[in-house]
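Trainee: how would this look folded up:
(one chain, ligands or ions: 1)
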Amino acid sequence: MKTDFDFLSLCRLRRSVRRFSPEPLRPGELAWILECARLAPSACNLQPWQVVIVDDRDTIRDLSSCAAFGLSKTAAPGSIAFIADAPVVLALCLKRGLAHKVSSLVDMDFSCLDLGIFGEHVVLAAASLGIGSCWIGMASERRVRPVLGLPRSVRLLALIALGRPPSGSLASLESPPRRRMDAAEFCWHNRYGVPWNPPPAER
Ligand SMILES: Cc1cc2nc3c(=O)[nH]c(=O)nc-3n(C[C@H](O)[C@H](O)[C@H](O)COP(=O)(O)O)c2cc1C
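Mentor: Residues are numbered from 1 along each chain as shown. Below you'll find the predicted structure:
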């Protein structure tokens, strides 16, 4: 599929969308998004992801009541209720039992990182088609498991809701983009704590 964005414009355009038009994704769009995600890198190329694609309205409604209560003092119960209107929700799951293949080389488990990269391919690919998305980390794995029939061999890491915003366009979202730190607040030059003074980035 042809998209109109250079990469910086795409990164600026993407932001979390929490209101969706019920319009289903167009034919081929989801397959294209998942093809972009399938190409994501992973440690030792283990590709530890499993994805449940949910477009059944009742199942999405059930997922929308699977908030993980108590994770945040400010999150009211049901804070993921907004996903009920999304035409598609992806459940990103991690295949258990692969991490030892990497940790036999280095004592680290990169699998969450791998899933994060995969999911970010999803949301950027979606944005390039004008499709909004929101990562949902605050879904309760215990509650989601029976809804999706997840076997013990996988863990739920996150949901991603996908759909067009009610206005139809990501560019016309009412909410302004959320503030990000300037590079000077988190980049250091050659040694931690030494300021990095780059030329101004193209705006
Ligand atoms: C791993 C992850 C988990 C998140 N979980 C939730 C969530 O449970 N509910 C929600 O409304 N937003 C969630 N978000 C969205 C963030 O709040 C959002 O990305 C952040 O505030 C920056 O805003 P932006 O995406 O609009 O740029 C999550 C984002 C990430 C990357």
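
Trainee: what is the mean pLDDT for stretch 83-96?
Mentor: Across stretch 83-96, the average pLDDT comes to 97.

Trainee: Pull out the buried positions in it.
Mentor: 83-95 (16 or more other Cβ atoms under 10 Å). The C-beta positions use only the backbone N, C-alpha and C, and glycine is treated the same way.

Trainee: Out of the residues you listed, which sit inside strands?
Mentor: In this view, these that belong to strands under DSSP state E are 88, 89, 90, 91, 92, 93, 94, 95.

Trainee: which residues touch the last one?
Mentor: Residues near residue 95 by Cβ atoms under 8 Å, 6 or more residues apart in numbering: 48, 49, 50, 153, 154.

Trainee: Which residues of this protein lie near the ligand?
Mentor: For the chain, the residues in contact with the ligand (Cβ under 6 Å from any ligand atom) are 15, 16, 18, 80, 134, 135, 136, 137, 138, 158, 178.

Trainee: Looking at these, spot the one nearest residue 127.
Mentor: residue 15 (8.3 Å; Cβ to Cβ).

Trainee: pretty sure the closest one is touching residue 171, no?
Mentor: No. Contact between residue 15 and residue 171 fails when scored by Cβ atoms under 8 Å: they sit 10.6 Å apart.

Trainee: These two: who's more crowded?
Mentor: residue 15 (19 against 11; other Cβ atoms under 10 Å).

Trainee: So in this structure, which helix runs the longest?
Mentor: When the chain is parsed with DSSP state H, its longest helix is helix 111-128.

Trainee: mind listing what residue 201 touches?
Mentor: Counted by Cβ under 8 Å, 6+ apart, residue 201 has contacts residue 183.

Trainee: What pLDDT does the model give it?
Mentor: Value for residue 201, per-residue pLDDT: 72.

Trainee: Direction included, what does the longest strand along the chain pair up with?
Mentor: Ranked by residue count under DSSP E, the longest strand found in the chain is strand 154-163. Strand pairing for strand 154-163, determined by DSSP bridges: strand 88-95 (antiparallel), strand 132-136 (antiparallel).

Trainee: Can you tell me what sits against the last one?
Mentor: Residues outside strand 132-136 that contact it (Cβ under 8 Å, 6+ apart): 14, 16-18, 20, 80, 82-83, 119, 122-123, 126-127, 158-165, 170, 173.

Trainee: Fine, thanks again, bye for now.
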